[in-house]
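J.: Following is a predicted model, sequence given first.
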Amino acid sequence: MQSIVKTKYWHRLADGRVQCDLCPRECKLKQGQRGLCFVRACEDEEIVLTSYGRSSGFCIDPIEKKPLNHFYPGSSVLSFGTAGCNLACKFCQNWDISKSREMDTLADAASPETIALTAKHAQCCSIAFTYNDPVIFHEYAIDVAAACHELDIKTVAVSAGYVCPEPRAEFYNYIDAANIDLKAFTENFYHRITGSHLAAVLETLSYLKHETNVWFEITNLVIPGENDSDKEFNQMTEWIVSELGPDVPLHFSAFHPDWKMRDKPHTPLATLQRARAIAIMNGLKYVYTGNVHDPAGDTTYCYECGTELIVRDWYVIKDWVLDDAGKCPVCNTICAGIFAADHGNWGSKRVPVRLNHSGLY
C-alpha cells in the first residue's frame, strides 16, 4: 500500500514555505521538511501524510482501557496507532511509538478495509485510534472509520484534542466515542511540559459537547508536583461541570516515570482518591481512578442513590445491575452512556494481532 497521500489542510506562504493547517502548531515547512509530528511533510509544495496505511501494531483490548467506562462496557476494541505525535509531552507513556522518528516503527501495513474486516472477524464492537494521536493521521483514520461503519463497527478516538476547527469537524463526523486527554488545567503546564496550549484543548471539549453527538470521556494524568494541587483539581472539575455538564465521566490516571520525566515519582493512590473526592464534591457524577488497583474507583455508581451499577476490578466486570434502559434498578435514575442490552465480558485480556489481506488474524 502506498504510504504517502496528499492532504488538504495547508496553504502556501508568501516566502515559499507551506503551512500545515491541521493543528494549532501551524508548522511552516520548506521542501523536504517534516512537521513536529514527523508524519506530515512538505513534498512538491504541498503537505502530504507519509504514514497512510502503516501501523505500529494492532491489539485487541478491553474498551475500559482507552479508558471508556460508559461506552459499551465490557466490550472488546481493536486498537492501533501509527508513529509520531503533534505534542511534545515530556512524560509521554507511549514514547517509543509517539516519539518515533523511524518509519520502521510502522511494521504493519493495512488498508482501511482490512482493518474493518479484522475487527468484524474478531467480533470487536469498535476500533480505537490510540497509542499516538489520530489527529496526525487524519486521512487514514477517516478512511478506516468509514470502512468500519460499513460493517457496523464503532469508532473510538483517543486524543489530546489539539486540532484546528475545520479538520476537527470533519474528523469527528466519523467518530462514535472519544477519550480526550486533559493533561492539566494551566497554560503554564501545557506550554512548559507539552509544548502546546490549553485553550485549543478546551475548545475541542466544548465542541464535542455542544456541536456533536460523540460520546466522550476525559482523562487527566496526575503527575506529582506538576498538576496535582487541590486548586487545580477544583478549577478543572468546576470548569467541566459548568461548561460540559456533570454527566461527562472523568478519569484520574496514575503517572509512572517515563521518557524525559523519570525523576518524578509514581502517583500515590491517595492523590487520585483526593482528586476524585474533589470532583464529586464539585458535582461530577462519574469519576474514576486509573492505572492503580482501586475497585471503588473502577466502579460506576448511581449518582442519586449510590447503588453500585457496574462493579469492576481493573477491567473485569464483576457485577452489572443496570436494566435494559440503562436505569438504576433501585431509583430508576438513568446512567449516562451508551450501553448494549447485554454487556460484554472481554475482561482484561490483551491480544496482539497480525493482519493479512483477508482481514483474518
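T.: Here it is on my side, so go on.
J.: So Leu87: helix, strand or coil?
T.: Secondary structure, DSSP: H, G, I helix; E, B strand; the rest coil: Leu87 is coil.
J.: my read is Ala41 is in a strand, agree?
T.: Yes. Judged by three-state DSSP, Ala41 forms part of a strand.
J.: excluding its backbone neighbours, what's nearest it?
T.: Arg34 (4.4 Å; C-beta to C-beta, 6 or more residues apart in numbering). For the C-beta atoms, the positions are set from N, CA and C on the backbone; glycine is no exception.
J.: so where is the stretch 201-350 of the chain shaky, pLDDT-wise?
T.: Low-confidence segments of the stretch 201-350 of the chain, defined by pLDDT under 70: 259.
J.: So which residues of it form helices?
T.: Secondary structure of the stretch 201-350 of the chain (DSSP state H, counting those that start in this stretch): helices at 230-239, 269-281, 295-298.
J.: what sits against the residue nearest the centre of the chain?
T.: The centroid of the chain falls nearest to Val158 when counting by C-alpha atoms, centre = their mean (1.4 Å). By C-beta atoms under 8 Å, 6 or more residues apart in numbering, the contact set of Val158 is Lys66, Ala128, Phe129, Thr130, Tyr131, Asp133, Pro134, Ala178, Asn179, Asp181.
J.: can you check Asp263 too?
T.: So Asp263 contacts Pro257 (C-beta under 8 Å, 6+ apart).
J.: Can you give me the buried ones in stretch 24-40?
T.: Using 16 or more other C-beta atoms under 10 Å as the test for burial, stretch 24-40 gives Pro24, Arg25, Cys27, Leu29, Arg34, Gly35, Leu36, Cys37, Phe38, Val39, Arg40.
J.: what sits up against it?
T.: The contact list for stretch 24-40, computed with C-beta under 8 Å, 6+ apart, reads 7, 13, 16-20, 22-23, 41-45, 47-51, 82-86, 88, 100-101, 136-137, 162-164, 195-197, 200.
J.: Sitting in helices, which of those do you find?
T.: Ala200 (DSSP state H).
J.: Narrow the contacts of stretch 24-40 to those in strands?
T.: Val18, Gln19, Cys20, Ala41, Cys42, Glu43, Ile47, Val48, Leu49 (DSSP state E).
J.: The residue nearest to the centre of the chain sits in which helix or strand?
T.: strand 154-159 (DSSP states H and E).
J.: what angle separates the helix or strand following that strand from helix 198-211?
T.: The element immediately downstream of strand 154-159 (helix or strand, assigned by DSSP H and E) is helix 165-172. Counting by axes from the mean of the first three to the mean of the last three C-alpha atoms, to 10 degrees, helix 165-172 points 50 degrees away from the direction of helix 198-211.
J.: other SSEs contacting helix 165-172?
T.: helix 138-150, helix 198-211 (3 or more C-beta pairs under 8 Å, 6 or more residues apart in numbering; DSSP states H and E).
J.: returning to that earlier point: now list the buried members of the contacts of stretch 24-40.
T.: 7, 18-20, 22-23, 41-43, 47-51, 82-86, 100, 136-137, 162-164, 196, 200.
J.: re earlier: could you measure from the residue nearest to Ala41 over to Tyr9?
T.: As judged by C-beta to C-beta, to the nearest Å, Arg34 and Tyr9 stand 16 Å apart.
J.: residues in contact with Ile240?
T.: Residues in contact with Ile240 (C-beta under 8 Å, 6+ apart) are Ile218, Val248, Leu250, Ala279, Leu284.
J.: hmm, 6 Å instead?
T.: Listed by C-beta atoms under 6 Å, 6 or more residues apart in numbering, the contact set of Ile240 reads Val248.
J.: Then Gly347?
T.: Counting by C-beta under 6 Å, 6+ apart, Gly347 has contacts Val316.
J.: How about the backbone phi and psi for it?
T.: phi 80, psi -140 (degrees, to the nearest 10).
J.: Quick check: Ile180 vs Ala14, distance?
T.: From Ile180 to Ala14 the distance is 35 Å (C-beta to C-beta).
J.: okay, these two: which has more neighbours?
T.: Ile180 (22 against 5; other C-beta atoms under 10 Å).
J.: Give the residue spans of the stretch 51-200 of the chain that score low on pLDDT.
T.: 94-108.
J.: Just the CA trace of the helix or strand where Ser79 lies, in CSV.
T.: Using DSSP H and E, the secondary-structure element containing Ser79 is strand 76-81. Only the C-alpha atoms of strand 76-81 are listed here, as CSV (Å, rounded to 0.1, in the frame of the first residue of the first chain):
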residue,chain,number,x,y,z
SER,A,76,-13.5,-5.6,23.0
VAL,A,77,-11.9,-2.9,20.8
LEU,A,78,-9.3,-3.4,18.1
SER,A,79,-6.6,-0.8,18.9
PHE,A,80,-3.9,0.7,16.7
GLY,A,81,-1.8,3.7,16.1
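J.: tell me which strands and helices it is in contact with?
T.: Counting contacts by 3 or more C-beta pairs under 6 Å, 6 or more residues apart in numbering; DSSP states H and E, strand 76-81 is packed against strand 57-62, strand 126-129.
J.: What's the separation between the closest residue to Thr333 other than its chain neighbours and Gly57?
T.: Counting by C-beta to C-beta, 6+ apart, Thr333 lies nearest to Glu304, which is 4.3 Å off, once chain neighbours are set aside. From Glu304 across to Gly57, the span is 42 Å (C-beta to C-beta).
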